[in-house]
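Asker: Structure, please.
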Amino acid sequence: MGLFQKLVSFLGVGKKDVNVLVVGLNNSGKSTVVNNFKADDDKVTDIVPTVGFSVERFQRFTAFDMSGHGRYRDLWEYYYKDCQGIIFVIDSSDRLRLVVVKEELDLLLQHPDICQKKIPILFFANKMDCREALSSVKIAAALGLDKIMDKPWHISASNALTGEGLQEGVEWLTQQIRELLSVKV
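Answerer: Numbers count the residues shown, from 1 in each chain. Purely as a prediction, here's the structure:
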């Protein structure tokens, strides 16, 4: 059983299907993160860059792995309306593109389908195994995450290749979605 399936079963998200967007710039590790959520039998060993988007269905969870390449980022907004959570993956070793990450995050937060929702956002500060990686605290400061007051958010240091930090983050996101859904019921 994969990580998402275990957490959904444990926390009892309920009978409602949940859509989670997985976004971030290209080469941040989004597909590798999603691959870690799969059951061991379903995991792939060769991760290739996502073109457009891919959909992975888990027990009561659907993860939309959105391409982070510049020409595909406009696709993200078509999935905002029906999502209950966002996983934003950041390459913590790519200091040069941190400004672009901030711009994309600001666009996401200002979108009408996001700014009016109390949607939880999980940030994975990925690739923490790289020598030049910034800490999750420095990434949070660079992105101005402390200014996000109207949405629950959490940043988790991660290494998608080994799975380190992913469980903590997904547990937080699952709990936030559970609370969000219980309020709506």
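
Asker: Buried residues in the helix or strand residue 182 falls within, which are they?
Answerer: Assessed by DSSP states H and E, residue 182 sits inside helix 166-184. Using 16 or more other Cβ atoms under 10 Å as the test for burial, helix 166-184 gives 166, 169-178, 180. For glycine as for every other residue, the C-beta is placed from the backbone atoms N, C-alpha and C.

Asker: Can you lay out these as a markdown table showing distance to residue 91 and pLDDT?
Answerer: Shown next, in a markdown table, are these (distance: Cβ to Cβ, whole Å; pLDDT from 0 to 100):
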| residue | distance to residue 91 | pLDDT |
| --- | --- | --- |
| 166 | 15 | 93 |
| 169 | 16 | 94 |
| 170 | 19 | 91 |
| 171 | 23 | 92 |
| 172 | 21 | 95 |
| 173 | 20 | 92 |
| 174 | 24 | 89 |
| 175 | 26 | 92 |
| 176 | 24 | 94 |
| 177 | 25 | 90 |
| 178 | 29 | 88 |
| 180 | 28 | 84 |
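
Asker: Rebuild these as JSON lines, extending it with distance to residue 99.
Answerer: Putting the buried residues of helix 166-184 into JSON lines (distance: Cβ to Cβ, whole Å) gives the following:
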{"residue": "166", "distance to residue 99": "26"}
{"residue": "169", "distance to residue 99": "24"}
{"residue": "170", "distance to residue 99": "28"}
{"residue": "171", "distance to residue 99": "30"}
{"residue": "172", "distance to residue 99": "26"}
{"residue": "173", "distance to residue 99": "26"}
{"residue": "174", "distance to residue 99": "31"}
{"residue": "175", "distance to residue 99": "31"}
{"residue": "176", "distance to residue 99": "28"}
{"residue": "177", "distance to residue 99": "30"}
{"residue": "178", "distance to residue 99": "34"}
{"residue": "180", "distance to residue 99": "31"}
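
Asker: Closest one of those to residue 155?
Answerer: The nearest member of those to residue 155, counting by Cβ to Cβ, is residue 169 at 8.3 Å.

Asker: Setting the sequence-adjacent residues aside, check what's closest to residue 113.
Answerer: The shortest distance from residue 113 to any non-neighbouring residue, by Cβ to Cβ, 6 or more residues apart in numbering, is to residue 80 (3.8 Å).
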